[in-house]
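**Q** need a structure here:
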Amino acid sequence: MGGASRKRPHVEIGRRPKRLRLVEYSRARSEIRNGDLLLMVPTTYVGRKIAWGTRSDYSHAAMAGYEPNGPDNPEPRLRALEMLQFRGGRHKLLSEYVRQYPKVIDVYRPVPPYDGDASVAWMLWLCGKHYGWFDFAMIVTRRGFGWVLPMPTDSPDPDLPRICSAAVAYGAHYGGGKKIHANLPDLMVFPGELATPGFSAYHLTLVPFGYKG
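**A** Numbering: from 1, shown residues only. The predicted structure follows:
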């Protein structure tokens, strides 16, 4: 799957807005759409190393996805679809994330044209798949040493190990029809690059009910 090029194309890193639009989760649900991007600022040492290594404000990325309607599910639950270290591909209730990490999750919306429903469908294929530890190691070390290996090529194969942002880029590319950079493989997309102007736009920051911080 390797390509010949060793040069990583430059992609502008999106920055967290200085003025955040804080919205309680219960109200934000009506604004969040299938396929919206969930970008998270670091809260741990490892997260701060990822942000530092990628020159970004963000260390983790996920995608918002609603469960289908059904007789036992009149109000679809909203989940964060993600690729996580030691867990692999999974989905978690977004409300739990917000309670655990207030003012950490920023919601971005890809610039049209973009098919959010199809993006979620592709992300769901990654649930239960393995995390991309090799790519994670390359990201953590690249700031000091640069990229020295041949760049990978894009592939729709859901079994390829991916890091969090690569999984989101994969769903947005093959499902949503939205690619960050023509010469940047999805496997090499960093969290902050999902906030690149022209690819997505900041919408809001999630906080739990009654948040006073």
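
**Q** gap between residue 163 and residue 156?
**A** Distance check for residue 163 against residue 156: by Cβ to Cβ, to the nearest Å, it reads 17 Å. C-beta coordinates here come from the backbone N, C-alpha and C atoms, glycine included.

**Q** how about the contacts made by residue 37?
**A** Neighbour list for residue 37: 61-64, 107-110, 168, 172, 194-195, 200 [criterion: Cβ atoms under 8 Å, 6 or more residues apart in numbering].

**Q** next one: stretch 22-33 to chain centre, how far?
**A** 18 Å (Cα atoms, centre = their mean, to the nearest Å).

**Q** mind checking pLDDT for the residue nearest the centre of the chain?
**A** Nearest residue to the geometric centre of the chain (Cα atoms, centre = their mean): residue 61, 2.6 Å. pLDDT for residue 61: 98.

**Q** and for residue 185?
**A** Looking at residue 185, its pLDDT is 87.

**Q** neighbours of it, how many?
**A** Neighbour count of residue 185, defined by other Cβ atoms under 10 Å: 23.

**Q** ok, now residue 87?
**A** Residues within reach of residue 87, counting by other Cβ under 10 Å, total 12.

**Q** how about low-confidence regions in this protein?
**A** Scanning the chain for pLDDT under 70 picks out 1-7, 69-73, 138-150.

**Q** all strands of it, in order?
**A** 22-24, 37-40, 60-66, 78-84, 88-93, 105-110, 200-207 (DSSP state E).

**Q** wait, which of those is closest to residue 49?
**A** strand 60-66 (12.2 Å; Cβ to Cβ).

**Q** got a list of contacts for that closest one?
**A** Contacts with strand 60-66, where a contact means Cβ under 8 Å, 6+ apart, come from 32-40, 42, 47, 50, 76-82, 91, 94, 107, 119-120, 123-124, 164-165, 167-168, 171-172, 191, 194.
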